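S.K.: Just to be clear, the model below is a prediction. Sequence and coordinates:
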Amino acid sequence: MPEKTKVVEIVPYDQEWKKEFEKIRNMINSYIGDLILKIEHVGSTSVEGLMAKPIIDIDVVIDSYDLLPNIIERLEKEGYEHEGNLGIQGREAFKRTYDDEFMDYHLYVCPKDGKGYLEHIAFRDYLRKNKKAKKEYGDLKYRLAKIYRNDVDSYCNKKTEFIENILNKTIYKDAKN
């Protein structure tokens, strides 16, 4: 069941994360598959070999926000609560209202051209292709988790510069010129 992290715990990569994502993806697809374009595994658990908080991040990609009311309605019938964008434009968060058999996960619905989705994919794909950056990010996360074990907001904020540097090398590289 997705919930706000109280303690920052970074663990070694686990092959089971792929299988867990597939199970969750299949479940979500059975609820709203006819309304969406795809379901993407994003975040650190989607990068093989990267240490991560053991929480699956999932982006459900839609063509446009016109579909959101139907998605909200269907997901609510299946036990999800729509939480809005939680301060991040271009993504809508949902949380499960009861425990299910899956590991913890965060579920987001994003338009295909939304900033949140495009950044997730650019960052994930860069780390998948760049071993040095993946190691640097893993080391940073591990250090920050030790320092900010009980302060998830500071943990996240301290990763921002690293993430922005990667995004500036990928989807925002042309904006610098």
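M.R.: Yep, it's here. Everything numeric here is computed off the predicted structure, so don't read it as measured data.

S.K.: Give me the contacts around stretch 93-103.
M.R.: 1-3, 17, 20, 23-24, 27, 54-56, 75, 79-86, 106-109 (CB atoms under 8 Å, 6 or more residues apart in numbering). From N, CA and C alone the C-beta is placed, and that goes for glycine too.

S.K.: Go ahead and build a ChimeraX selection from the buried members of those.
M.R.: Selecting only the buried entries of the contacts of stretch 93-103 in ChimeraX, with 16 or more other CB atoms under 10 Å as the criterion:
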select :2,17,20,24,54,55,56,75,80,82,106,107,108,109
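
S.K.: Of the contacts of stretch 93-103, which belong to strands?
M.R.: 56, 80-84, 106-109 (DSSP state E).

S.K.: could you dump the residues you listed to a markdown table with pLDDT and distance to Lys158?
M.R.: Below are the ones in strands among the contacts of stretch 93-103 laid out as a markdown table (pLDDT from 0 to 100; distance: CB to CB, whole Å):
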| residue | pLDDT | distance to Lys158 |
| --- | --- | --- |
| Ile56 | 97 | 22 |
| Tyr80 | 97 | 30 |
| Glu81 | 97 | 29 |
| His82 | 98 | 29 |
| Glu83 | 97 | 24 |
| Gly84 | 95 | 25 |
| His106 | 95 | 19 |
| Leu107 | 97 | 25 |
| Tyr108 | 97 | 22 |
| Val109 | 98 | 28 |
